[in-house]
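Novice: Quick one, what's the 3D model for this:
(chains A and B)
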Amino acid sequence: MGRTPQAETVVVGAGNPLLADEGIGVCVVRELAKRPDLPRGVDVVEAGASPLALVHILSNRRRAVLVDCARMGRAPGELCRFSPEGVSSLKRLPGLSLHEGDLLTSLEIARRIGECPEDVVILGIEPEDTSFGSQVSRRLHGKIEDYVQAVLGEI
Amino acid sequence: MSGETRIRVRHVTRVEGHGNIEVRARDGRIEKIEWQVPEAPRFFEAMVRGRSWDEIQPVVSRICGICSVAHSLASLKAVEDAMGIEVPEQTDRLRLLVHYAEQLESHSLHLGYLVVPDLLGVKSIVPLVSSRPDNLRTIIKIHRTANAWMELIGGRMTHPVSLLVGGFAALPSEDDLVGLKKSIQEVMPELEALADLLLGAADKLPEFERDTEYIALSHPDAYTFYHGDISSSDAEQLVDIHEFESVANEYVQAQSTAKWARWHRDSYAVGALARFNTNGHLLGTRAARTARRFGLKQGCVNPFMNNTAQLVECFQVAEHGLELIDELLSRSISQEKPEVRERAGMGVGAVEAPRGSLFHRYGFDEDGRCVSANLTIPTNQNHANIQKDFEALVPQIIHRGQDEVRRTLEMLVRAYDPCISCSTHFLDVRFV
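Specialist: Predicted coordinates for the structure are as follows:
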């Protein structure tokens, strides 16, 4: 039910586009959705900043490619590919809002309720600027094509 | 009780927006009790001025990410009222259907994600991921069904795009409605599971009563969320929705950036419990049975039972939603083309948002441009009542110690399911 398509593979862009590079995941999937070389049978979805929305998006999928801003201690703009099992979160959540949390929280909820895709890849992008702003930094903007290619390489 | 009690909660968690609790007492003598709203006003009433009649809904929908359908419907009804537009019955039924989806979405979010942690003694739902995955699965499934239901009729999950003045931009197909019916039927056992979960912890809801004025829309034929006029538990006569300002009587308080409201007393309450108290005799079978399971009866004045009333309403909207779908399918879906002739005028729209009565008023010039707007939001109408509940409750529980007082007051605030961000308003004041 609903109008959201349900393909086996989903590419999800997460993040808040009002916090500059924090929204890079959303920025990448918006670009990806315009591409004529996007394979058929792949859904491209903006998850925004709601961990629970992501749980819904992941249900009934076999493979998920998640694109998100990630502080990894790398150079700004660097993209790293990793699995949920390969990292642990350093975030401490104050419990103020349902908009808190991160991809890892969503994946853990999905796993516990038996709805996590069997194959999950995270493409983390190191931010340069996460202050208020509706545009990603110039450095990350210049690499969007690289990020899109990285996603296409996964699907 | 000897010693000092000093509670400063900044901000209350698991509510929408920012609200503070402040209590100060010395040797059992209470010096200060305040429910405070510090959030910045958002100026929506100013934002719509100068905009065309068909731009109002997309703007005011953004007042709230939880009740965007309610704000959309209130604004559409107000524009139609101002322009003299009659809405076809199919549109009326479909609007009610998407409105029900939002009630289920909002109530399940509130009960499942915000209230259940209180009842199970955890800080948030995150610990339940490992300790109670079955309960969490139930909550997520209900919420997901409601989201998909909203998307199906409204065109997307939040901030509907298919709702227009006079009709719909896109209609669901009959297959869509058949699919929706199936998914609502499938969610019924999940609602029963949620009821079991809440019933198992119902003794955690404090037994506190304070005689309260309850306000809700009322209609002789239905447990209404969309039609009808304004009813008060303190008055015999209904008030026409066009007179809503004389009901809300909004005013400002130094402790709050949100306006407060009062009618026959110094405060009143809106929301699920107000609707239940007003219209509970018109509930469907399963909803009425759920109320009985929890011992909820009309005339209840325990604000914590608003949670229970929300659960009852989850059954009500699911149950009546199924009837609406059957009704729509029996007539088949027909294409309708809304026609609007702009004219100058003033219009009012009222609906029951998940958190209570919601009123929109707009004035338009002869070109259909908005010249005035006044929005009265449910949570605005509850702030004064939360304060009065605090003042009655704290003396009863002050001996229980600071942590227990704080926890109980937080639960009380949550029981109202406040949407504080919606309620902050432009204040028009003069300093004297």
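Novice: Pull out the buried positions in stretch B:394-408.
Specialist: Using 16 or more other C-beta atoms under 10 Å in any protein chain shown as the test for burial, stretch B:394-408 gives B:Val394, B:Ile398, B:Val405, B:Arg406, B:Arg407, B:Thr408. For every residue, glycine as well, the C-beta is placed using N, CA and C.
Novice: make that stretch B:55-65, sorry
Specialist: Buried, per 16+ other C-beta under 10 Å, within stretch B:55-65: B:Ile56, B:Gln57, B:Pro58, B:Val59, B:Val60, B:Ser61, B:Ile63, B:Cys64, B:Gly65.
Novice: ok, and what's touching whichever strand or helix holds the fifth one?
Specialist: By that I understand B:Val60. B:Val60 belongs to helix B:56-60 when assigned by DSSP states H and E. Contacts to helix B:56-60, defined as C-beta atoms under 8 Å, 6 or more residues apart in numbering or on different chains, come from residues B:44, B:47-48, B:51, B:71-72, B:74-76, B:78-79, B:159, B:163-165, B:360, B:362, B:370, B:375.
Novice: again, but for stretch B:408-417
Specialist: Stretch B:408-417 is contacted by residues B:7, B:9, B:12-16, B:19, B:21, B:23, B:35, B:106, B:110, B:114-115, B:118, B:205-206, B:208, B:269, B:271-272, B:303-307, B:310, B:354-355, B:379, B:382, B:385-386, B:389-390, B:393-394, B:397, B:400 when judged by C-beta under 8 Å, 6+ apart.
Novice: again, but for stretch A:103-121
Specialist: Counting by C-beta under 8 Å, 6+ apart, A:10, A:14, A:51-52, A:54-55, A:58-66, A:68, A:81-84, A:87-89, A:93, A:122, A:154, B:126, B:129-130, B:133, B:136-137, B:140 sit against stretch A:103-121.
Novice: Which of those are buried, as a PyMOL select command?
Specialist: Those of the contacts of stretch A:103-121 that count as buried under 16+ other C-beta under 10 Å are selected in PyMOL with:
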select buried, (chain A and resi 10+14+51+52+54+55+58+59+61+63+64+65+66+68+84+122+154) or (chain B and resi 126+129+136+137+140)
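Novice: one step back: list only those of the contacts of stretch B:408-417 flagged as buried.
Specialist: Among the contacts of stretch B:408-417, the ones that count as buried (16+ other C-beta under 10 Å) are B:7, B:9, B:12-16, B:19, B:21, B:23, B:35, B:106, B:110, B:114-115, B:118, B:205-206, B:208, B:269, B:271-272, B:303-307, B:310, B:354-355, B:379, B:382, B:385-386, B:389-390, B:393-394.
Novice: For B:Ser231, which non-adjacent residue is spatially closest?
Specialist: Nearest non-adjacent residue to B:Ser231, counting by C-beta to C-beta, 6 or more residues apart in numbering or on different chains: B:Ser218, 3.6 Å away.
Novice: Ignore what I typed, I meant A:Leu18.
Specialist: Per C-beta to C-beta, 6+ apart, closest to A:Leu18 is A:Ser134, 5.8 Å.
Novice: and the one you found, how far is that from chain B?
Specialist: Counting by C-beta to the nearest C-beta, to the nearest Å, the separation of A:Ser134 from chain B is 15 Å.
Novice: the helices in chain A, which residues?
Specialist: A:24-33, A:51-58, A:103-112, A:138-141, A:144-154 (DSSP state H).
Novice: for the ones you listed, which one sits closest to B:Cys419?
Specialist: Closest approach to B:Cys419 among these is made by helix A:51-58 (17.2 Å; C-beta to C-beta).
Novice: where are the low-confidence patches of the chain?
Specialist: In the absence of a named chain, chain A is used. A:1-5, A:88-101 (pLDDT under 70).
Novice: The chain in question should be chain B.
Specialist: B:1-2, B:14-15, B:420-432.
Novice: SS state for whichever residue of it sits closest to chain A?
Specialist: Residue nearest to chain A within chain B (C-beta to the nearest C-beta): B:Ala148, separated by 3.3 Å. Here B:Ala148 takes the helix state, with states given by DSSP: H, G, I helix; E, B strand; the rest coil.
Novice: isn't it right next to B:Lys182, touching?
Specialist: No - the criterion here is C-beta atoms under 8 Å, and B:Ala148 misses it with B:Lys182 at 11.5 Å.
Novice: Looking at these two, which is more packed in?
Specialist: Between B:Ala148 and B:Lys182, B:Ala148 has the larger neighbour count (other C-beta atoms under 10 Å in any protein chain shown), namely 20 against 12.
Novice: Please report how far the more buried one lies from A:Val120.
Specialist: 23 Å (C-beta to C-beta, to the nearest Å).
Novice: Show me the residue at the heart of the chain, geometrically.
Specialist: If you meant another chain, say so; for now it's chain A. Geometric centre of chain A, nearest residue: A:Val67, 3.0 Å, by C-alpha atoms, centre = their mean.
Novice: The chain in question should be chain B.
Specialist: Centre-nearest of chain B using C-alpha atoms, centre = their mean is B:Arg355, 1.5 Å out.
Novice: what sits against that residue?
Specialist: B:Cys67, B:Ser106, B:Val270, B:Gly271, B:Pro378, B:Thr379, B:Asn382, B:Tyr416, B:Asp417, B:Pro418, B:Cys419.
Novice: What is the burial count for the first one?
Specialist: By that I understand B:Cys67. The local packing of B:Cys67 (other C-beta under 10 Å) involves 28 other residues.
Novice: one step back: quick check, distance from the helix holding B:Val60 to the centre of its chain.
Specialist: 18 Å (C-alpha atoms, centre = their mean, to the nearest Å).
Novice: now stretch B:187-197
Specialist: 21 Å.
Novice: neighbouring contacts of that stretch?
Specialist: B:108, B:111-112, B:116, B:135, B:138-139, B:141-142, B:145, B:286, B:290, B:293, B:311, B:314-315, B:318.
Novice: near chain A, which of those show up?
Specialist: Counting by C-beta under 8 Å from any C-beta of the partner chain, B:Thr145 from those sit close to chain A.
Novice: In helices, which of the contacts of stretch B:187-197 appear?
Specialist: B:108, B:116, B:135, B:138-139, B:141-142, B:145, B:286, B:290, B:293, B:311, B:314-315, B:318.
Novice: Any chance of CSV for the helices of chain A, columns distance to B:Glu186?
Specialist: Putting the helices of chain A into CSV (distance: least, C-beta to C-beta, whole Å) gives the following:
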stretch, distance to B:Glu186
helix A:24-33, 30
helix A:51-58, 16
helix A:103-112, 20
helix A:138-141, 43
helix A:144-154, 33
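Novice: do you know which of those lies nearest B:Tyr226?
Specialist: B:Tyr226 sits nearest to helix A:51-58 of all the helices of chain A, at 26.7 Å, using C-beta to C-beta.
Novice: Which neighbouring elements make contact with that closest one?
Specialist: The helices and strands touching helix A:51-58, judged by 3 or more C-beta pairs under 8 Å, 6 or more residues apart in numbering or on different chains; DSSP states H and E, are strand A:9-14, strand A:42-48, helix A:103-112, helix B:133-154.
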